[in-house]
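Asker: only geometry, no sequence info:
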C-alpha cells in the first residue's frame with residue numbers, strides 16, 4: 001500500500017497518475033487530516049510500502065485543524 005497525507009487536489013491527481021504509471025497494482029490511500037491518518041495507521045502501518053507526508057495542510061473553514069505530516073512522522 002502507498003499511504004499519502006495530502007490536501008492539495010492537484011498534487012493528489014499527480015500522485016495518482018504517478019502511482020498508476022509505476023505501480024498500477026499497488027493500492028493508494030489518501031488522507032487530508034494527520035489525525036485521521038494516525039488513527040488509521042495504528043492498524044494499517046504494517047501494510048505500508050511507501051508513506052508520503054504533506055507538512056503544510058490547510059485548515060478548511062468549520063473543520064478541525066488537520067495537523068501536519070510532522071505529527072504522523074513522530075508516530076513512525
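Answerer: Here it is on my side, so go on. Quick caveat, the model's predicted, so the values are computed rather than measured.

Asker: drop to CA atoms for contacts and neighbour counts, all remaining ones
Answerer: Fine.

Asker: Residue 57: what's it in contact with?
Answerer: Residue 57 sits next to 6, 7, 32, 33, 66, 67, 68, 69 when contact means CA atoms under 8 Å, 6 or more residues apart in numbering.

Asker: can you pick the most crowded of the residues you listed?
Answerer: Neighbour counts for the contacts of residue 57 (other CA atoms under 10 Å) peak at residue 6, which has 24 neighbours.

Asker: pretty sure it contacts residue 53?
Answerer: Yes - judged on CA atoms under 8 Å, residue 6 makes contact with residue 53 at a distance of 6.9 Å.

Asker: For the chain, which segments count as strands?
Answerer: Assigned by DSSP state E, the chain shows strands spanning 2-5, 28-31, 50-53.

Asker: Between those strands, which one is closest to residue 76.
Answerer: With CA to CA as the measure, strand 50-53 is the member of the strands of the chain nearest residue 76 (10.0 Å).

Asker: ok, and what's touching that closest one?
Answerer: By CA under 8 Å, 6+ apart, the list of residues contacting strand 50-53 from outside reads 1, 2, 3, 4, 5, 6, 68, 69, 70, 72, 73.

Asker: same thing but 6 Å
Answerer: With CA atoms under 6 Å, 6 or more residues apart in numbering as the test, strand 50-53 has contacts from 2, 3, 4, 5, 69.

Asker: Output the longest helix belonging to this structure.
Answerer: helix 9-22 (DSSP state H).

Asker: Surely residue 27 and residue 4 touch.
Answerer: No - if you go by CA atoms under 6 Å, residue 27 and residue 4 don't touch, sitting 11.0 Å apart.

Asker: More neighbours: which of those two?
Answerer: Here residue 27 and residue 4 are compared on neighbour count by other CA under 10 Å; more neighbours surround residue 4, at 20 against 13.

Asker: I'd say the more buried one and residue 30 touch.
Answerer: Yes - between residue 4 and residue 30 there is a contact under CA under 6 Å: 4.8 Å.

Asker: contacting residues for the closest residue to residue 27 other than its chain neighbours?
Answerer: What sits nearest to residue 27 in space, not counting adjacent residues and going by CA to CA, 6 or more residues apart in numbering, is residue 1, at 5.1 Å. Contacts for residue 1 (CA under 6 Å, 6+ apart) come out as 26, 27, 28, 47, 48, 49.
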